[in-house]
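S.K.: give me a model of this one.
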Amino acid sequence: DEGRSIELPQTEISIPGPHDAFVEDVQKNLYLLRTRLADPQFVVEKIQLKGRTKGPLYLAYIRGLTNPKIVREMRRRLKVVNVDMIYNLGQLEQFIQDNSLTVFSQILLTERPDRTISFLMEGSVAVLLEGTPQALIAPVTFFAYIHSPEDIYFRWPFGSFARLLRILSLLTTM
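M.R.: Predicted structure coming up:
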């Protein structure tokens, strides 16, 4: 059984850009990332968690672009997680985030390989887990949640206007 094939994104739908999403097979997900980022400095480290977890985690980043302090800190946080089972990245997020009581998370989950690459190119790290069709991205700011996956496919004036409109809509709603 080869598992589920690569399909359209379910939660982060976009008109422009690629129409593929992560699946439960981490090797397929790494393939999706590597086909988009043919950079010899793209690094994927395998990290085995303690306990009876599903399988290893994969820490992805771009050497020379990502701050080494961020890589070391994420590696440290992942290695100290000691639970019987990690079912998904949302569960893992609770163990590695700075402050669980904050309203604004510093970690983002995405099902889109192109969005993951976009964050990697900005210096973030990505974490993938076998059996989970998402990538965990860290660190991110509040504005990462305002940014739509399709913003990177439009010229900067339109993308900036769309983000400004989202911020104004959020403030109006509040």
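
S.K.: quick one: the helices in this protein, in order.
M.R.: 26-36, 68-80, 89-96, 113-121, 142-146, 156-173 (DSSP state H).

S.K.: in terms of secondary structure, what does the lowest-mean-pLDDT helix or strand in the chain contact?
M.R.: Every helix and strand of the chain was ranked by mean pLDDT, DSSP states H and E. The lowest is helix 142-146, at a mean of 78. Other helices and strands packing on helix 142-146, by 3 or more CB pairs under 8 Å, 6 or more residues apart in numbering; DSSP states H and E, are helix 156-173. (Glycine included, C-beta is placed from N, CA and C.)

S.K.: off-centre distance for the helix it packs on?
M.R.: Offset of helix 156-173 from its chain centre (CA atoms, centre = their mean, to the nearest Å): 22 Å.

S.K.: buried residues in it?
M.R.: Across helix 156-173, burial judged by 16 or more other CB atoms under 10 Å covers 159, 166.

S.K.: name the helices or strands packed onto that helix?
M.R.: Helix 156-173 packs on helix 142-146, going by 3+ CB pairs under 8 Å, 6+ apart.

S.K.: contacts for the helix it packs on next, please.
M.R.: With contact meaning CB atoms under 8 Å, 6 or more residues apart in numbering, helix 142-146 is reached by 104, 108, 119, 137, 163, 166-167, 170.

S.K.: apply 7 Å and report the result again.
M.R.: The contact list for helix 142-146, computed with CB atoms under 7 Å, 6 or more residues apart in numbering, reads 104, 108, 163, 166-167.
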